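S.K.: this one's sequence-less:
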């Protein structure tokens, strides 16, 4: 049974969420929580009612980040249900289900128990904060006292990240940390909605800014020079945590630059489909030291096998203080774009038709079809894949030469638009 989905909030989505939770037939303790979307309160009530009707004991954690709910699920050995659409727009919502701290890919339904459940309100902050602070050597932070801007966009991280960084020894300036207010920007922490931050970092004399998505499983860094390139940020963490003989797990979206740089230090790189759940499972099965997606979702296995953007903020702050700044890497020319697909099934059909076009072109070498199509076109490396959460096709093209990257990207986009959409 599907355990993670999201979409535009309406009566159909609300019914699908309630039906999914009811049909799971979960038994025992189930922790529930939600992010700060306007629709989250009613969905949280509906999910709790469905669980109570099946005889579960519901631990209501209220409005908290997804990683806090995931950790609670691990610490208490229970199921966790998070009401969130993560980085999707504010009008969307959905659910993520966790089993003992791991995002579930599927759950076999069970017969419901007699309807005799109870509901308990729980505050997980202290337990979660203690767990995070145990994961990081805080001495570099407490020695440097960095000035850090935390921009939560009024998402669920507002009541958590500023406080954990202050406890670690940082001087924190908060932006839009009101969990009871509407989103102050687009939930996805990307450059267009964060154009104001570099100048603010400079004007306040801050060392850098930390930015979360709505449920704080993502973390991105912005400096006075702009938003740090996602592969450079991933490499900063990987280089700090991984050494000779270690394994890093990342996804097909990561730049080849990440693997090239880590190979110099004797670090092995393993690639999975896009999705922190895939990364987490590979990290666990391979005994990897660290796993991360370029988008800023990082898995720290000593903590749990789920992405935690708040721990990522703490780790990145320590790295900055310990090394006197973030390392700079020469990035490859990378162009990313997306194409909206209106009709149902259009994403799958577009990928299929693109592959048909690629195999007929002698200038193309297909590398992998693990997640979409990854191929070489001339000197460029191109990934075309369907979004897991929205009706769009994503294109990522990289090359060591800017002109070649643009030519390859435009060619692929033209093929998609003319033959596939």
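M.R.: Alright, I've got the coordinates. Everything quoted here is computed from the prediction, not taken from an experiment.
S.K.: Burial check on residue 275, number of neighbours?
M.R.: 19 (other CB atoms under 10 Å). C-beta coordinates here come from the backbone N, C-alpha and C atoms, glycine included.
S.K.: nope, residue 56 is what I was after
M.R.: 28.
S.K.: Quick check, it in contact with residue 29.
M.R.: Yes: here residue 56 reaches residue 29: they are 7.1 Å apart, a contact under CB atoms under 8 Å.
S.K.: anything in contact with each of the two?
M.R.: Overlap of the contact sets of residue 56 and residue 29 (by CB atoms under 8 Å, 6 or more residues apart in numbering) is empty.
S.K.: wait, what's in contact with residue 308?
M.R.: Applying CB under 8 Å, 6+ apart to residue 308 gives the contacts 67, 70-71, 132, 217, 298-300.
S.K.: Please repeat the previous calculation with a cut-off of 10 Å.
M.R.: Residue 308 makes contact with 65-68, 70-71, 128, 131-132, 135, 216-219, 276, 297-300, 314-315, according to CB atoms under 10 Å, 6 or more residues apart in numbering.
S.K.: Show me what counts as buried in stretch 69-87.
M.R.: Residues of stretch 69-87 classed as buried: 69-76, 78-87 (neighbour count, 16 or more other CB atoms under 10 Å).
S.K.: In helices only, show me these.
M.R.: Counting by DSSP state H, the part of the buried residues of stretch 69-87 found in helices is 69-75.
S.K.: Which one of the residues you listed is nearest to residue 254?
M.R.: Residue 254 lies nearest to residue 70 out of these, by CB to CB, at 22.8 Å.
S.K.: For the closest one, which residues are in contact?
M.R.: With CB under 10 Å, 6+ apart, residue 70 has these contacts: 31, 33, 80, 82, 96, 98-103, 128, 217, 280, 303-308.
S.K.: Quick check: nearest residue in space to it, chain neighbours excluded?
M.R.: Among residues not flanking residue 70 along the chain, residue 306 sits closest, at 4.2 Å (CB to CB, 6 or more residues apart in numbering).
S.K.: you'd agree that neighbour is up against residue 72?
M.R.: No: checked against CB atoms under 10 Å, the pair residue 306 and residue 72 is beyond contact range at 11.2 Å.
S.K.: contact partners of the host helix or strand of residue 348?
M.R.: Residue 348 is located in helix 346-359, with elements delineated by DSSP states H and E. Outside helix 346-359, the residues that touch it by CB under 10 Å, 6+ apart are 339-341, 343, 364-366, 369, 371-373, 375, 377, 382, 384-388, 390-394, 412, 415-421.
S.K.: tell me the mean pLDDT for it?
M.R.: The pLDDT scores in helix 346-359 average 85.
S.K.: Can you give the distance from that helix to the centre of its chain?
M.R.: Relative to its chain's centre, helix 346-359 lies at 27 Å (CA atoms, centre = their mean, to the nearest Å).
S.K.: what's the angle from the helix or strand following it to helix 346-359?
M.R.: Using DSSP H and E, the helix or strand that follows helix 346-359 in sequence is strand 364-368. Strand 364-368 runs at 130 degrees relative to helix 346-359, counting by axes from the mean of the first three to the mean of the last three CA atoms, to 10 degrees.
S.K.: begin at 225 from here
M.R.: With 225 as the first residue, the last one maps to strand 588-592.
S.K.: For strand 588-592, give the mean pLDDT please.
M.R.: pLDDT averaged over strand 588-592 gives 89.
S.K.: residue ranges with poor pLDDT in the stretch 475-624 of the chain?
M.R.: 566-569 (pLDDT under 70).
S.K.: which stretches of it form helices?
M.R.: With DSSP state H, counting those that start in this stretch as the criterion, the stretch 475-624 of the chain has helices at 480-488, 500-510, 533-547, 570-583.
S.K.: Now do the same contact list for the residue nearest the centre of the chain.
M.R.: Nearest to the mean C-alpha position of the chain, counting by CA atoms, centre = their mean, stands residue 521 at 3.7 Å. Neighbour list for residue 521: 291, 310-311, 437, 441-443, 458, 475, 498-501, 503-504, 515, 530-533, 536 [criterion: CB under 10 Å, 6+ apart].
S.K.: same check, this time on residue 389
M.R.: 365, 370, 372, 374, 395-396, 398, 434, 534, 537-538, 541.
S.K.: now those in TSV, with distance to residue 271 and neighbour count?
M.R.: Shown next, in TSV, are the contacts of residue 389 (distance: CB to CB, whole Å; neighbours: other CB atoms under 10 Å):
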residue	distance to residue 271	neighbour count
365	37	22
370	39	20
372	35	27
374	29	26
395	39	12
396	33	21
398	30	17
434	30	27
534	23	27
537	28	30
538	30	25
541	34	27
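S.K.: Output the residues you listed as CSV; include the columns distance to residue 416.
M.R.: Formatted as CSV, these follow (distance: CB to CB, whole Å):
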residue, distance to residue 416
365, 31
370, 27
372, 22
374, 20
395, 28
396, 25
398, 22
434, 18
534, 24
537, 22
538, 27
541, 25
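S.K.: Nearest to residue 406 among those?
M.R.: residue 398 (16.7 Å).
S.K.: The closest one: what secondary structure?
M.R.: When classified by DSSP: H, G, I helix; E, B strand; the rest coil, residue 398 comes out as strand.
S.K.: Kindly state the pLDDT recorded for it?
M.R.: 97.
S.K.: Not counting residues beside it along the chain, what's closest to it?
M.R.: Leaving out its chain neighbours, residue 398 is closest to residue 386 (CB to CB, 6+ apart), at 4.9 Å.
S.K.: Quick one: residues contacting the one you found.
M.R.: Residue 386 neighbours (CB under 10 Å, 6+ apart): 372-374, 376, 394, 396-399, 401, 434, 537.
S.K.: cool, and residue 361?
M.R.: Neighbours of residue 361 in contact, by CB under 10 Å, 6+ apart: 539, 542, 545-546.
S.K.: please redo it, this time with the cut-off set to 8 Å
M.R.: Applying CB under 8 Å, 6+ apart, the residues contacting residue 361 are residue 542.
S.K.: SS state for it?
M.R.: coil.
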